[in-house]
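**Q** below: sequence and its predicted model.
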Amino acid sequence: MLRSGNNVLSVELDFWSGNNAGVNLYQAIRRCNIFLENVDKPVDLSANEKARWIAEAKFLKAYYHYWLVRMYGPIPVIRKNLPVNASIEEVRVKREHVDTVFSYVVQLLDEAAVGLPRIITSEASELGRITRSIAMSVKAEALAWQASPLFNGNPDYANYRSKESQPLFSQTADPNKWVLAAEACKVAIEEAHAVGRKLYPFVPPANLVGLSDSTFNVLAYQGAVTHLFNDEVIWGANTVNSDWQYICIPKMAAESQTNDVIWGSLSVPMAIAELYYTNNGVPINEDKTWDYSNRYVPRASDEAHRYYIRNGYQTAGLNMNREMRFYASLGFDGGNWFGNGTLDDDNQQYIQGKMKQISGPAMIVKTNSTGYWPKKLVPYQSEFLARSLPVPFATPRIRLAAMYLLYAEALNETGKSAEALTWINKVRERAKLKTVEESWTNYSNNPSKYSSKDGLRQIIHQERRIELGFESQNGWDLRRWKEMRTTCPNRSRVGACMRKP
């Protein structure tokens, strides 16, 4: 998108008109309305089928409106289809206040939840269809968006009005919106727990024996994303484009040199590499025990990193003494890569990313410009050697850890910081980190940061960006928090977000 000339006249991923790889979601909404208007006509439709299909159609209609309001703000709400003989004046549908749009989305989701199944019983044919838990989770997410700074009293849109001079954004922030979001998160999490959703429990298959704790923890974290329809996934898709893996993995073994489909060109910005915590569970620029000023000075890895980095390999200090999610999410020069045809924990493949090395720069289109690869998006079972055998998976749309952190965010905004910490720490425990309280008190140069609402907000935001990295969540979060401009100050150039963490 950054290289294609994306601009206001020719928008990439245009979901309003359906141009440039986007889909016209108003056509999708119209189809939902057509269905709902005609669902009573079939005579052979059972009551149960009818109730479920109506609920699914209402969910989709809500989700399409939600997607549009996230992208475009005040949009026209299409409650019913216009007749084909509608007048010119009727066709001129007007945008509505963003709060009206969100209220309509929530109303539809509440109506849909009643008719949706709690669990999918016919898993072989219906996994991916909508459940009550999905509807409740999307409702919580939508209410969090409505409560966030982008839409809740945003002064940037104080003069954004309709042709009748009516405001289209709320003029003052309403703290009660966060209360509603917190309540919805609580209900969604309780429903998820009730139907068996839990943080992903990795159970090694028979061919994985004698794994180190380090590798076990890496696979347990990665599996929450790459294990299709696992117990942590609230909403996942069942269609996967495995071609993505070709640009996520570098060439590491001699056999892969003849494989032309391996590009390894999807480059992780440097700011993301710096975003992950130290092994003490605090940001690298806050850890008083971590050598921040010399983070780019190369040094040899040691025995303590043997399951993360090739022992004795010269790599940047930035890659040393980082949290487990750093090593599970990122490939880098010297970094081990469990899988790709090698399941020997003590003799893993590793990246050699310097100039003229096997994983180093090749031709322009097959070069990783930062030296960091999104390792998290390649299942350990996938093989890219002389031939390619990718194992398909679907990036979860919503998983339980995301809901925990969204609940923590809403609780903090309502002044319930102690309760918020409980939910953050559940996610950190899976990441093998100490609690926020212990980590900041003992290792941060700002030990009381978590004690204030603003400080805890920063911690929650960073925790979400780390936990949900490469899962199509961070860009949306940065928008609703109004942090895109400060996080990506060079957004007009290729390489935006590369420098500032």
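**A** Everything's here; your move. Everything numeric here is computed off the predicted structure, so don't read it as measured data.
**Q** centre of the chain to the strand or helix carrying residue 103, how far?
**A** Applying DSSP states H and E as the criterion places residue 103 in helix 98-115. Counting by CA atoms, centre = their mean, to the nearest Å, helix 98-115 is centred 23 Å from the centre of its parent chain.
**Q** what are the buried residues along it?
**A** For helix 98-115, the neighbour count (16 or more other CB atoms under 10 Å) marks 98-99, 101-106, 108-109, 111-113, 115 as buried. Yep, even glycine has a C-beta here, placed from its N, CA and C like the rest.
**Q** now those as TSV including pLDDT and distance to residue 456?
**A** Shown next, in TSV, are the buried residues of helix 98-115 (pLDDT from 0 to 100; distance: CB to CB, whole Å):
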residue	pLDDT	distance to residue 456
98	98	27
99	98	27
101	98	30
102	98	25
103	98	29
104	98	32
105	98	28
106	98	27
108	98	33
109	98	29
111	98	35
112	98	33
113	98	31
115	97	38
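**Q** of those, closest to residue 45?
**A** residue 115 (13.5 Å; CB to CB).
**Q** which residues touch that closest one?
**A** Residue 115 makes contact with 51-52, 54-55, 58, according to CB atoms under 8 Å, 6 or more residues apart in numbering.
**Q** what do you get for residue 348?
**A** 307, 336-338, 342.
**Q** residue 392 is in what secondary structure piece?
**A** Counting by DSSP H and E, residue 392 is part of no helix or strand.
**Q** what about it, how many neighbours?
**A** 14 (other CB atoms under 10 Å).
**Q** residue 284 and residue 203: what is the separation?
**A** Here residue 284 is placed at a distance of 33 Å from residue 203 (CB to CB, to the nearest Å).
**Q** so if I had to pick from those two, which one is more boxed in?
**A** A side-by-side neighbour count of residue 284 and residue 203, using other CB under 10 Å, places residue 284 first with 22 against 9.
**Q** thinking again about what came up before, let's have the contacts of residue 348 in CSV, adding pLDDT and distance to residue 354.
**A** Formatted as CSV, the contacts of residue 348 follow (pLDDT from 0 to 100; distance: CB to CB, whole Å):
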residue, pLDDT, distance to residue 354
307, 98, 22
336, 98, 16
337, 98, 16
338, 98, 22
342, 95, 21
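**Q** neighbour-wise, which one of those residues leads?
**A** residue 336 (27 neighbours).
**Q** hmm, back to that, mark which of the contacts of residue 115 are part of helices, please.
**A** 51-52, 54-55, 58 (DSSP state H).
**Q** on that earlier part again, are any of the contacts of residue 115 buried, and if so which?
**A** Using 16+ other CB under 10 Å, the buried ones in those are 51-52, 54-55, 58.
**Q** same list, those residues, but as CSV with pLDDT please.
**A** As requested, the buried ones among the contacts of residue 115 are exported to CSV (pLDDT from 0 to 100):
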residue, pLDDT
51, 97
52, 98
54, 98
55, 98
58, 98
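**Q** now the strands: where do they sit in the stretch 151-300 of the chain?
**A** 233-235, 298-300 (DSSP state E, counting those that start in this stretch).
**Q** between the ones you listed, which one is nearest to residue 382?
**A** Short answer: strand 233-235, nearest of the strands of the stretch 151-300 of the chain by CB to CB, at 18.9 Å.
**Q** which residues touch the closest one?
**A** By CB under 8 Å, 6+ apart, strand 233-235 touches 130, 133-134, 137-138, 192, 197, 224, 396-400, 403.
**Q** again, but for stretch 374-381
**A** Contacts for stretch 374-381 (CB under 8 Å, 6+ apart): 219, 222, 225-227, 244-245, 248-249, 266, 268, 328-331, 335, 337-340, 343, 390-391, 393, 395, 469-470.
**Q** equivalent analysis for stretch 173-181, please.
**A** Residues outside stretch 173-181 that contact it (CB under 8 Å, 6+ apart) are 140, 143-144, 146-147, 149, 152-153, 406, 410, 413-414.
**Q** from the middle of its chain, how far away would it be?
**A** Distance, centroid of stretch 173-181 to centroid of chain: 23 Å (CA atoms, centre = their mean).
**Q** and what of stretch 390-405?
**A** For stretch 390-405, the distance to the chain centre is 8 Å (CA atoms, centre = their mean).
**Q** below-threshold pLDDT in this structure: ranges please.
**A** Scanning the chain for pLDDT under 70 picks out 1-4, 238-241, 489-501.
**Q** now do the buried residues in stretch 307-318.
**A** In stretch 307-318, the ones that count as buried by 16+ other CB under 10 Å are 307-311, 313, 315-318.
**Q** could you give the number of residues near residue 169?
**A** Around residue 169 there are 21 residues (other CB under 10 Å).
**Q** could you do residue 120 as well?
**A** 16.
**Q** likewise residue 487?
**A** 20.
**Q** check residue 346 too.
**A** Counted with other CB under 10 Å, residue 346 comes out at 9.
**Q** sec struct for it, please.
**A** coil (DSSP: H, G, I helix; E, B strand; the rest coil).
**Q** pull up the gap between residue 242 and residue 376, please.
**A** Computed as CB to CB, the residue 242 to residue 376 distance reads 15 Å.
**Q** neighbour count: these two, which is higher?
**A** residue 376 (23 against 15).
**Q** hey, where'd the strands end up in the stretch 351-500 of the chain?
**A** Going by DSSP E, counting those that start in this stretch, the stretch 351-500 of the chain shows strands at 372-373, 383-384, 388-389, 398-399.
**Q** which one of those lies closest to residue 124?
**A** Taking the strands of the stretch 351-500 of the chain one by one with CB to CB, strand 398-399 is closest: 22.0 Å.
**Q** what packs against that closest one?
**A** The contact analysis (3 or more CB pairs under 8 Å, 6 or more residues apart in numbering; DSSP states H and E) places strand 398-399 against helix 132-147, strand 233-235.
**Q** tell me the strands beside the last one, with direction?
**A** So that's strand 233-235. strand 398-399 (antiparallel) (DSSP bridges).
**Q** outside of the strand it pairs with, which residues touch it?
**A** 134, 137-138, 141, 224-225, 232-235.
**Q** ok, and the most crowded of those?
**A** Result: residue 137 is most packed of those (other CB under 10 Å), 29 neighbours.
**Q** that one: what's it in contact with?
**A** Applying CB under 8 Å, 6+ apart, the residues contacting residue 137 are 188, 192, 234-235, 398, 403.
**Q** any idea how far residue 264 is from it?
**A** Taking CB to CB, one finds residue 137 at 34 Å from residue 264.
**Q** cool, and residue 214?
**A** 24 Å.
**Q** show me which of those two is the more surrounded one.
**A** Remark: of residue 214 and residue 264, residue 264 carries more neighbours, 23 against 19, as counted by other CB under 10 Å.
**Q** burial count for the closest residue to that one other than its chain neighbours?
**A** Counting by CB to CB, 6 or more residues apart in numbering, residue 250 is the residue found nearest to residue 264 once chain neighbours are left out, at 3.8 Å. Each residue near residue 250 was counted by other CB under 10 Å, and the total is 31.
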